[in-house]
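K.L.:
Have a look; sequence and predicted model below, questions after that.
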Amino acid sequence: MSNPVFHIKDGYYFEVPKFLWHYHYTDTNQFEKDYPFFPKQSDLYHQVRRLSPDELNRELSGKIIIPQPFATLKNLYDKESGFAVSKFMLLELLAAAIMAFIFIRVGRRIATGRAPQGKSWNMCEAMLVFVRDEIAVSAMGEHEAERFTPLLWTMFFFILTCNLLGLIPWLGAPTGAFAVTFGLACVVFCTSFGSGIMRFGPLGFWLNQVPSMDLPWWLQPLKLPIFVIEVLSTCIKHAILSVRLLANMVAGHLVLLAILGLIVAASALGTGQWLLVATISVLSSTLFSVLELFVAFLQAYVFTFLSALFISAAVHHH
């Protein structure tokens with residue numbers, strides 16, 4: 001439970017400073033009554049039974065365990081059965097709620113036809129126009145951009161919001177979980193696949209994977225391996241789309257974890273040396289957090305731009 005890597009991993013609890021969330025168990029049986037979704041065969045149950053009440057309070061303090069009405073858990077990171085609600089799921093819902101709150105209000109203001117007023121309205125409209133003109137229109141052309149801009153808007157701001165949540169202490173970045181980035185890539189893949197079939201038909205879509213080549217008859221068999229390569233390339237590109245976002249978000253948090261871990265590692269040194277290491281670590285992590293802020297915007301842009309390119313390739317001739 002004390003592994004520092006768990007702080008950037010999805011789980012079934014939120015971690016806050018210990019003084020903000022205390023447990024005062026006098027008997028371990030109280031824990032079983034409060035959290036019945038840990039069955040007796042679970043790992044955590046056995047761990048709890050081995051601890052004294054004071055040790056249990058010390059281990060759990062600072063951990064806000066998410067209630068699980070539809071699942072049973074093995075421990076704070078793995079489920080036993082059922083539908084378990086994780087930390088990243090709640091943060092994704094929070095991201096969706098933030099987007100709905102902001103852009104429904106902005107949409108109503110834009111619908112009035114008035115000129116943008118205020119910093120927030122101008123900023124939101126500028127970002128929307130940027131995604132439309134510099135991503136959708138640039139990658140797809142004006143005609144196709146009209147169809148897919150709402151999807152690209154949603155993906156860009158959802159990824160951006162999730163990335164920014166990862167910079168808030170005690171929360172986390174949902175885009176640091178493969179399930180989230182893979183789900184986003186699946187949305188792009190299904191959109192590309194469905195839109196391509198709607199444009200060219202079921203057979204025409206697959207034939208469009210092979211570029212038109214004026215080959216002599218004895219080279220025509222080359223089209224089959226080219227078709228296989230193109231289909232595999234399409235699948236691999238979408239898979240890499242998810243891995244790229246995941247790797248960038250996880251890597252940034254791991255570097256921050258390593259920098260701040262130097263403070264703990266230097267605790268055995270003298271006071272002067274520890275203060276020097278702590279000062280350097282805090283300054284470095286602050287500067288790196290600023291870089292992470294830039295990366296949050298950059299990765300949202302890169303994912304959305306590549307998504308626009310892949311969808312555009314599916315709805316245009318090779």
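P.N.:
Now that the structure is in, tell me what you want to look at.
K.L.:
What is the helix or strand where residue 299 lies packed up against?
P.N.:
Using DSSP states H and E, residue 299 maps to helix 271-315. The elements that helix 271-315 packs onto, with contact taken as 3 or more CB pairs under 8 Å, 6 or more residues apart in numbering; DSSP states H and E, are helix 138-140, helix 142-165, helix 178-207, helix 223-265. Backbone N, C-alpha and C define where each C-beta goes, glycine included.
K.L.:
what comes up buried for the third one?
P.N.:
Within helix 178-207, the residues that count as buried by 16 or more other CB atoms under 10 Å are 180-182, 184-185, 188-189, 191-192, 195-197, 200, 205.
K.L.:
Farthest pair within those residues?
P.N.:
Pairwise distances across these (CB to CB) peak at 31.1 Å, for the pair 180 and 200.
K.L.:
the domain parsing of the chain - what is it?
P.N.:
4-85, 92-315 (automatic domain parsing).
K.L.:
export these to JSON lines and tack on mean pLDDT?
P.N.:
As requested, the domains of the chain are exported to JSON lines (pLDDT from 0 to 100):
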{"stretch": "domain 4-85", "mean pLDDT": "83"}
{"stretch": "domain 92-315", "mean pLDDT": "85"}
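K.L.:
Residue 235: what's its closest spatial neighbour, skipping adjacent residues?
P.N.:
With sequence-adjacent residues excluded and distances taken as CB to CB, 6 or more residues apart in numbering, residue 235 is closest to residue 189, at 7.8 Å.
K.L.:
List the contacts of that neighbour.
P.N.:
235, 238, 310 (CB atoms under 8 Å, 6 or more residues apart in numbering).
K.L.:
can you count the residues close to the second one?
P.N.:
Other residues lying near residue 238 total 22 when counted by other CB atoms under 10 Å.
K.L.:
isn't it right up against residue 311?
P.N.:
No - with contact defined as CB atoms under 8 Å, residue 238 does not count as touching residue 311 (10.7 Å).
K.L.:
Find the residues that touch each one of these two.
P.N.:
With CB under 8 Å, 6+ apart, residue 238 and residue 311 have common neighbours 188, 192.
K.L.:
can I get the helices and strands packed on helix 271-315 in JSON lines with distance to residue 36?
P.N.:
Output for the helices and strands packed on helix 271-315, formatted as JSON lines (distance: least, CB to CB, whole Å):
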{"stretch": "helix 138-140", "distance to residue 36": "51"}
{"stretch": "helix 142-165", "distance to residue 36": "30"}
{"stretch": "helix 178-207", "distance to residue 36": "26"}
{"stretch": "helix 223-265", "distance to residue 36": "33"}
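K.L.:
center of this protein - which residue?
P.N.:
residue 175 (1.2 Å; CA atoms, centre = their mean).
K.L.:
what sits against that residue?
P.N.:
Applying CB under 8 Å, 6+ apart, the residues near residue 175 are 159, 162-163, 166, 181, 245-246, 249, 299.
K.L.:
Doesn't it belong to a strand?
P.N.:
No - counting by DSSP: H, G, I helix; E, B strand; the rest coil, residue 175 falls outside a strand, being helix.
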